[in-house]
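Visitor: sharing a model prediction with you, sequence too.
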Amino acid sequence: MWRSVARRSSQVRRLLSTSAPPAGPLATVPAPCIVQKRGNDILNDPWYNKDTAFPLTERDRLGLRGLLPPRVMSFEQQYERFINSYRSLEKNTRGEPDSIVALAKWRILNRLHDRNETLYFRVLIDNIKDLAPVIYTPTVGLVCENYSGLFRRPRGMYFTAKDKGEMMSMIYNWPQEKVDMIVVTDGSRILGLGDLGVQGIGIPIGKLDLYVAAAGINPQKVLPVIIDVGTNNEKLLEDNLYLGLRQPRLEGEEYMAVVDEFMEAVHARWPQAVVQFEDFQMKWAFETLERYRNRFCMFNDDVQGTAGVALAGLLGAVRAQGRPLHDFTSQKIVVAGAGSAGIGVLSMAKQEMSRMLAKTGEEGHNQFWVLDKNGLITKDRKDLDPAVANFARGHGPNEIPDLHEGASLVEVVRKVKPHVLLGLSGVGGIFNEEVLKAMKESDSPRPAIFAMSNPTTKAECTPEDVFKHVGENAIFASGSPFSNVSLGNGKTGYANQANNMYLFPGIGLGALLSGARHISDDMLQAGAECLASYITDDEIQKGILFPEVSSIRHITARVGAAVVRAAVAEDLAEGCRTVGPKELGSMSESQTVEYVARNMWYPIYSPLVNNK
Ligand SMILES: NC(=O)C1=CN([C@@H]2O[C@H](COP(=O)(O)OP(=O)(O)OC[C@H]3O[C@@H](n4cnc5c(N)ncnc54)[C@H](O)[C@@H]3O)[C@@H](O)[C@H]2O)C=CC1
Ligand SMILES: CC(=O)C(=O)O
Ligand SMILES: [Mg+2]
């Protein structure tokens, strides 16, 4: 399936430079928007509110005369005013502790989000590289940890264990007629921060902000959801301010019944909506994925989105060694973390190796060494989860002698000399000096270190440590953003961001615009393939594995198109709005990209017309 990444890279570049339209506004005069409200109700609705930018005619039409200062400002003036206050906040908080600065930035953005969505999303789209770390990882982690104290207004929907039997009617409390994209968590494994109960709602909110900014999903049609089945976090249960259910988490069938009811309710009201499962603890991540993936249009971002991004990075690491892609089948990969993300990555990488080997008829070996909190996982381990057992090391002739059950990370790295060391452990700093120095002896001329755990405090190592201890040839990627490292002599050590944000917006958008009945492995594979082919050979040689975050809207348009085409190829596409499956099937690659880009929402003020 990977055909020639080099050939596909040039195809994608051609699309970018010629036929593909920019992923932005296509019409200069926006269509009018019918609004049922008047006066203060409009000013208090962040979707319609334009603050001081209401023109005089609209102020008359909508009963706003006298409710605003007389000066009419343009959108550009409002934008500049906000950016100036954001920059002054940065200046005024210089030298303050990082967490104070991060929360101050989040607050000013959140206030704008609550007041004026159009301006908020334009600011976000134009400044995504600077602002993604505020609305997403790492700051979103801090926001979740402090959610109950920071709470001012609700956002999204809160379903709880106490709502059993009510969800089918509750779902109609959501004020918007149409919902396209839902991100849901049960708060049980928020980033690498553990069980945060109801406070985990910050994650669906952050992910959906990215859906709007990167995939152009209309913000009126997104729905962040928390399913609160209690928490096992003692600190939260004892906290007087805690806003969630003060009870231990439901388990077993009781738990499943709540999630089932939620899924049925969503499907009854919005059968076309795509549902993204996010930050569920491993057992529920796998169980819900198996249970729902053929019944609903859903996916698990931590298992499937992460796997695609990691696979794109792993293939980039092969290219960086100057090796043909087929050499992926002989790469030795050590993974620290056998949870939902680690096992997701291993499964997709194994599938990819099998596909490559099937083409040449060669026989493959287990190329993976997986560790969890108890060290190396072997077949001697008791009570292994079946998903993990697939990757346990055995005792055959291809095994490295002396690598015993529970061996430490440094021991494994020393003996295996892996091409890639990948962390999805949720434990900060475990790729310490000893481990990184052992990676210097890697069998790869470009040892790759992926410290993918979030937020920043949980990253397995920093890029500084990697370039210092492994050497300048190393390749580094992390889940949360780090700055590039100056290596002296004008050289740069690139700090790539290997985060599922490069894929999930395109997976959701592609599923939506194809009207896919469900999300298949081939659709996910196509998205990952598209991401991998985005980077040129020159970039790869420099150690750049992932595109700049600032180009995320372009990337998402292409990933989305790849997902649409895969859905069509598998006959899963039922079409979207006026575009039927036949029409989707007759589109060329560039026409599909155009179709996707054309359907991306872009924030501009629409003329408002009142019909009351
Ligand atoms: N960069 C990205 O796009 C993504 C990053 N992640 C991050 O990955 C981390 C793990 O997520 P999940 O797999 O869902 O969590 P999980 O809780 O399901 O799994 C964590 C795994 O790490 C293992 N572990 C703990 N301490 C360890 C140690 N010292 N050495 C080796 N393994 C150890 C645990 O035994 C467990 O197998 C989180 O920090 C999360 O933020 C998750 C999804 C996407
Ligand atoms: C990025 C992400 O999905 C996580 O850390 O869980
Ligand atoms: Mg996640």
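Guide: It's in. Predicted, not measured: the structure shown is a model, and the values here were computed from it. Ligands and ions are numbered 1, 2, ... in the order given.
Visitor: from ligand 1, how far out is the residue nearest the centre of the chain?
Guide: The residue lying closest to the centre of the chain (CA atoms, centre = their mean) is residue 501, at 3.1 Å. Distance from residue 501 to ligand 1, counting by CB to the nearest ligand atom, to the nearest Å: 7 Å. In this view, the C-beta of every residue, glycine as well, is placed from N, C-alpha and C.
Visitor: let the chain start at 28 from now.
Guide: Noted, 28 is the first residue going forward, which turns the last one into residue 528.
Visitor: so which strand or helix has the residue nearest to that residue when sequence neighbours are not counted?
Guide: Nearest non-adjacent residue to residue 528, counting by CB to CB, 6 or more residues apart in numbering: residue 237, 5.6 Å away. Per DSSP states H and E, residue 237 falls inside helix 229-242.
Visitor: quick one: residues contacting the residue of the stretch 428-577 of the chain found nearest ligand 3.
Guide: As assessed by CB to the ion, ligand 3 sits closest to residue 527 within the stretch 428-577 of the chain, at 6.8 Å. By CB atoms under 8 Å, 6 or more residues apart in numbering, residue 527 lies in contact with 328-329, 332-333, 335-336.
Visitor: the nearest residue in space to it that is not next to it in sequence and residue 449, how far apart?
Guide: Distances taken as CB to CB, 6+ apart put residue 332 closest to residue 527, at 3.6 Å, once the chain neighbours are dropped. Applying CB to CB, to the nearest Å, the value for residue 332 to residue 449 is 16 Å.
Visitor: try residue 490
Guide: Taking CB to CB, one finds residue 490 at 15 Å from residue 449.
Visitor: for ligand 1, what is the nearest residue in the chain?
Guide: residue 366 (1.8 Å; CB to the nearest ligand atom).
Visitor: leaving out sequence neighbours, find the closest residue to that residue.
Guide: In this structure, residue 366 finds its nearest non-sequential neighbour in residue 309, 4.8 Å apart by CB to CB, 6+ apart.
Visitor: my read: the one you found touches residue 216, true?
Guide: Yes. When contacts are counted by CB atoms under 8 Å, residue 309 is listed as touching residue 216 (7.4 Å).
Visitor: pull up the overlap in contacts between those two.
Guide: The contact lists of residue 309 and residue 216 share 366-367, where a contact means CB under 8 Å, 6+ apart.
Visitor: okay, these two: which has more neighbours?
Guide: Using other CB atoms under 10 Å as the criterion, residue 309 and residue 216 rank with residue 216 on top: 25 against 21.
Visitor: what's that one in contact with, if anything?
Guide: If you count contacts by CB under 8 Å, 6+ apart, then residue 216 has 222, 306-309, 312, 366-367, 453 around it.
Visitor: same thing but 6 Å
Guide: 306, 308 (CB atoms under 6 Å, 6 or more residues apart in numbering).
Visitor: cool, the one 10 residues further on as well?
Guide: Shown in contact with residue 226 (CB under 6 Å, 6+ apart): 171, 174.
Visitor: show me where the stretch 28-177 of the chain has helices.
Guide: Counting by DSSP state H, counting those that start in this stretch, the stretch 28-177 of the chain has helices at residues 32-44, 67-70, 83-88, 102-119, 125-142, 144-153, 155-162, 166-172, 174-177.
Visitor: which element is residue 425 on?
Guide: Residue 425 belongs to no helix or strand, assigned by DSSP H and E.
Visitor: quick one: the residue nearest to it when sequence neighbours are not counted from residue 447, how far?
Guide: Take residue 425 and drop its neighbours on the chain: the residue closest to it by CB to CB, 6+ apart is residue 392, 5.0 Å away. Computed as CB to CB, the residue 392 to residue 447 distance reads 16 Å.
Visitor: more neighbours, those two?
Guide: Set residue 392 next to residue 447 and count neighbours by other CB under 10 Å: residue 447 wins out with 26 against 14.
Visitor: partner residues bridging that one?
Guide: Under DSSP bridges, the beta-bridge partners of residue 447 are residue 360, residue 475.
Visitor: mind listing what it touches?
Guide: Neighbours of residue 447 in contact, by CB under 6 Å, 6+ apart: 344, 360, 475.
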